[in-house]
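Undergrad: After the sequence you'll find the predicted model.
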Protein chains: 2
Amino acid sequence: MVKITDVARRAGVSPSTVSYALSGKRPISDATRLRVQAAVRELGYRADGGGRGPAGRRSKVLALAVPMRSGVHVPVVTQFAVSVVTAARAHDHDVLLLTQGEGEDGLARVADTGLADAVIVMDVQLHDPRLPLLRSRSLPSVLIGVPAEPDGLTCVDLDFRAAGELCVDHLARLGHRAVALVGSPPEVYVRRTAFARRLVEGFTGAADRHRLTSAVHPCGTGREAARAIAGRLVRELPSLTGVVVHNEPLVDPLIDAFEELGLSIPGDLSLTAVCPAPVAASARVPVTSVAVPSAELGTRAVHLLVRKLAGAPVPGATLLPPRLTERASTAPRGA
Amino acid sequence: MVKITDVARRAGVSPSTVSYALSGKRPISDATRLRVQAAVRELGYRADGGGRGPAGRRSKVLALAVPMRSGVHVPVVTQFAVSVVTAARAHDHDVLLLTQGEGEDGLARVADTGLADAVIVMDVQLHDPRLPLLRSRSLPSVLIGVPAEPDGLTCVDLDFRAAGELCVDHLARLGHRAVALVGSPPEVYVRRTAFARRLVEGFTGAADRHRLTSAVHPCGTGREAARAIAGRLVRELPSLTGVVVHNEPLVDPLIDAFEELGLSIPGDLSLTAVCPAPVAASARVPVTSVAVPSAELGTRAVHLLVRKLAGAPVPGATLLPPRLTERASTAPRGA
DNA sequence: AAGCGCTTCGAAACCGCTTTCTGCATCCCC
DNA sequence: GGGGATGCAGAAAGCGGTTTCGAAGCGCTT
């Protein structure tokens, strides 16, 4: 750690001169100021907050509580984390990584020790056990995901309910009359993960509104799970022609599974996904999808947090409107 | 932040009494001590290092410099990061996430500000530009990966050279006389990423020693890349019967691609992979593999770092011996 | 009632580092 | 060559906390 005395020695002046040269609170001759600035640059000096009082009370660190629970799609979470770090750096903050497994303790520790100035909380559940902590402590926070009762909390998310509706609307407009949602793994719903539940609500609501026959099935990942769910759907809902997938790693296997059953996409079956754009675009059959903009969510979360730290007012909930991109996997019924 | 005076008020004693009750440096009556301890628990008090001097000079934070460069396999990196966080927590440390994109600046900042006590550096290249920084500053570090000149640095990695040899030995023992290495994406080699280069050396060396015909090809990811490389290998090396893959996301597509060419695995072609065990085990044809133990590497790195911080001597390089697990993808030639 | 431990208190010390204050050289100009 | 700027060094203050020191209260024994 290079300190002010190091800079002073390097510049051939006293520490106080360095301080004044940097703060400008007293006039310092140009020659000296330039020498000091050069020394600062050469040594990479950064004032240490530990100095006189509340000047550096802020640690310039944001904590990121990521879940890594079973059923979450790792690349999505990772991209999110990376975008948070990048955005945080752009605001001169660093990011402390908290993982589940500590549960609420991690948050409590951060709040108590002042290790971080604020927290971003991911994988929010409808009735998240971490919420009381976030409400009671003065630690500023932003949630990724909207819990059942978001009052007083700052939340960002894709509007998953609207995303579910949008997919169904799209299929209905194409003439499909029987649709199914192939969801995330069961444990995700058991945990009452907010975004998954909301998508189901949107899907079901829109299907009812359009008077479609509909079914909702959570589904694990992997080839076998895909075969099983495809077979079951075809058996239980013979009129099925529209499917919405909300399960990133299942997109490709599901396409394979339906084709193995003799159903061509989009000839016999239209497929829509809610997933990051790259996943949809690089599937064997490019899939019409509503994008999950993990990177944008991360950036937004950081912006909100920074504004909060600056004392600016922020909206309670930011729901990004879903956008559907048509690709090769959807077509009018019977086309 | 709850401080010692809060605890004192809660317990109805003076701050000094709390200090003594916690440190035991003076006798405190049982009754008082218990009350203090209760107050500590209720308020979640943690001594603030900012107090009297070097006692808390340590920030109890480790920095983790993860790459997120193109060509790295995200789940592997993520699992690694998670294991680092878990291990760090077990040693009462937190983890600060640095990503590439800042390049060396992140490390410099951490070193200069004392934000973290130590660093774990991932994705090490043979001539890594970060090495001078790590050598010059007094910031303790552990590298994941072994650079060309590791003197004075602490490194951990799977012994990728031995892993390459092991795969070839295995194929040779099964009677295969022409083998190919399908490697990571080209940019990984262009960067001179240490582990990738070492694996190639091991592969080539062993192939020469066994007097096998051999070929090495970097390869991108995705179905198309797999088809292209499979076709090319079959065309250019018609006698090919053994393949080593060092490219996680390519394992499944490559199996498909070879079978599309009419080559059955392991009937016509034996396949070995160097990848995390779950990837190999859950492929369409379970693949004989040398496991990349990301979690163990993370844990080891943290242990080494903690020992370093404690002033204990640590070995310069720790190379984990590769272990090959036979699965369904390898068989004797012509069997 | 004085002496003596045992506890506990209040105030001061301390920590590393920066900032601020005071005052001493210069230098310049009349 | 004296007097005011000007520019800087050195010493001290200050920060937010904890730890340490000296001493005081209090109940018991002698």
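TA: Sure thing, it's come through. Everything quoted here is computed from the prediction, not taken from an experiment.
Undergrad: doesn't A:Val290 make contact with A:Arg327?
TA: No - contact criterion C-beta atoms under 8 Å: A:Arg327 and A:Val290 do not qualify, at 11.4 Å. Glycine gets a C-beta too; all of them are placed from N, C-alpha and C.
Undergrad: more neighbours, these two?
TA: A:Val290 (28 against 19; other C-beta atoms under 10 Å in any protein chain shown).
Undergrad: Can I get the helix or strand containing that one as PDB, trimmed to CA atoms?
TA: Here A:Val290 sits within strand A:288-291, counting by DSSP states H and E. Extracted in PDB, the C-alpha atoms of strand A:288-291 (Å, rounded to 0.1, in the frame of the first residue of the first chain):
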ATOM      1  CA  THR A 288     -38.900 -18.100 -31.700                       C
ATOM      2  CA  SER A 289     -38.200 -16.700 -28.200                       C
ATOM      3  CA  VAL A 290     -38.700 -14.000 -25.600                       C
ATOM      4  CA  ALA A 291     -35.200 -13.000 -24.600                       C
END
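Undergrad: can you list contacts of it?
TA: Contact partners of strand A:288-291, identified using C-beta atoms under 8 Å, 6 or more residues apart in numbering or on different chains, comprise A:158, A:163, A:166-167, A:170, A:270-277, A:279-280, A:322-330.
Undergrad: That one: how far from the chain's middle?
TA: Averaging C-alpha positions (C-alpha atoms, centre = their mean, to the nearest Å) puts strand A:288-291 17 Å from its chain's average.
Undergrad: what does stretch A:102-116 give?
TA: 20 Å.
Undergrad: Could you see whether DNA strand D lies near that stretch?
TA: No - Stretch A:102-116 does not reach DNA strand D (C-beta under 7 Å from any atom of the strand); its nearest approach is 7.8 Å.
Undergrad: Show residues contacting that stretch.
TA: By C-beta under 8 Å, 6+ apart, stretch A:102-116 touches A:59, A:61-63, A:65, A:96, A:98-99, A:119, A:121, A:129-130, A:133-134, A:137-139, B:1-2, B:44-46, B:48, B:61, B:89, B:94.
Undergrad: any idea which helix or strand of chain A has the worst average confidence?
TA: Least confident helix or strand of chain A, by mean pLDDT, DSSP states H and E, is helix A:104-113 with a mean of 85.
Undergrad: Can you select the buried ones from the contacts of stretch A:102-116 in PyMOL?
TA: Remark: buried members of the contacts of stretch A:102-116, expressed as a PyMOL selection using 16 or more other C-beta atoms under 10 Å in any protein chain shown:
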select buried, (chain A and resi 59+61+62+63+65+96+98+99+119+121+130+133+134+137+139) or (chain B and resi 2+45+61+89+94)
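Undergrad: that older thread, any idea which helix or strand comes after the strand holding A:Val290?
TA: helix A:294-309.
Undergrad: What subset of the contacts of strand A:288-291 is buried?
TA: A:158, A:163, A:166-167, A:170, A:270-276, A:279-280, A:322, A:324, A:327, A:329-330.
Undergrad: Flag the shaky bits of chain A, pLDDT-wise.
TA: A:49-57, A:335 (pLDDT under 70).
Undergrad: May I ask you to confirm that A:Leu263 is in contact with A:Leu269?
TA: Yes - the pair A:Leu263 and A:Leu269 qualifies as a contact (C-beta under 8 Å) at a distance of 4.8 Å.
Undergrad: Neighbour count: these two, which is higher?
TA: More crowded of A:Leu263 and A:Leu269, by other C-beta under 10 Å: A:Leu269, with 25 against 19.
Undergrad: Return the residues in contact with that one.
TA: A:Leu240, A:Thr241, A:Gly242, A:Val243, A:Phe258, A:Leu263.
Undergrad: Between these, which sits nearest B:Gly145?
TA: Nearest to B:Gly145 among the contacts of A:Leu269 is A:Phe258, at 42.3 Å by C-beta to C-beta.
Undergrad: That closest one: neighbour count?
TA: 25.
Undergrad: Quick check, it in contact with A:Gly267.
TA: No - using C-beta under 8 Å, A:Phe258 is not in contact with A:Gly267, being 10.6 Å away.
Undergrad: strand partners of the strand holding A:Val290, parallel vs antiparallel please.
TA: strand A:270-275 (parallel), strand A:324-325 (antiparallel) (DSSP bridges).
Undergrad: ok, residues contacting the shortest one?
TA: Pointing back at strand A:324-325 there. A:Leu166, A:Cys167, A:His170, A:Thr272, A:Ala277, A:Ala280, A:Thr288, A:Ser289, A:Val290, A:Ala291.
Undergrad: biggest separation within those residues, which pair?
TA: Among the contacts of strand A:324-325, the pair separated by the greatest distance (C-beta to C-beta) is A:His170 and A:Ala277, at 16.0 Å.
Undergrad: contacting residues for A:Thr221?
TA: Counting by C-beta under 8 Å, 6+ apart, A:Thr221 makes contact with A:Pro185, A:Asn247, A:Pro249, A:Leu250, A:Pro253.
Undergrad: For chain A, what lies in contact range of chain B?
TA: Counting by C-beta under 8 Å from any C-beta of the partner chain, chain A comes close to chain B at A:1-2, A:44-46, A:48, A:50, A:61, A:64, A:68, A:74-75, A:77-78, A:81-82, A:85-86, A:89, A:94-99, A:101-102, A:108-109, A:112-115, A:222-223, A:282, A:284.
Undergrad: ok, which stretches of the stretch 1-150 of chain A are strands?
TA: Using DSSP state E, counting those that start in this stretch, the strands of the stretch 1-150 of chain A run over A:61-66, A:94-99, A:118-121, A:141-144.
Undergrad: Equivalent analysis for the stretch 151-300 of chain A, please.
TA: Remark: strands assigned in the stretch 151-300 of chain A by DSSP E, counting those that start in this stretch are A:155-158, A:178-182, A:213-217, A:242-245, A:270-275, A:288-291.
Undergrad: Quick one: distance of the first one to the chain centre.
TA: Pointing back at strand A:155-158 there. Chain-centre distance of strand A:155-158: 8 Å, with C-alpha atoms, centre = their mean.
Undergrad: other SSEs contacting it?
TA: Counting contacts by 3 or more C-beta pairs under 8 Å, 6 or more residues apart in numbering or on different chains; DSSP states H and E, strand A:155-158 packs against strand A:141-144, helix A:194-209, helix A:294-309, strand A:317-320.
Undergrad: Ok, which of those comes nearest B:His176?
TA: helix A:294-309 (43.1 Å).
Undergrad: Could you tell me the angle between that closest one and strand A:94-99?
TA: Using axes from the mean of the first three to the mean of the last three C-alpha atoms, to 10 degrees, the direction of helix A:294-309 lies 120 degrees away from that of strand A:94-99.
Undergrad: Identify the residues contacting helix A:294-309?
TA: Under C-beta under 8 Å, 6+ apart, the answer for helix A:294-309 is A:58, A:62, A:76-77, A:79-84, A:86-88, A:90-91, A:93, A:117-118, A:120, A:140-142, A:144, A:154, A:156-158, A:276, A:314, A:318, A:320.
Undergrad: swap the cut-off to 6 Å and go again
TA: A:76, A:79-80, A:83-84, A:87-88, A:91, A:117-118, A:120, A:140, A:142, A:144, A:154, A:156, A:314 (C-beta atoms under 6 Å, 6 or more residues apart in numbering or on different chains).
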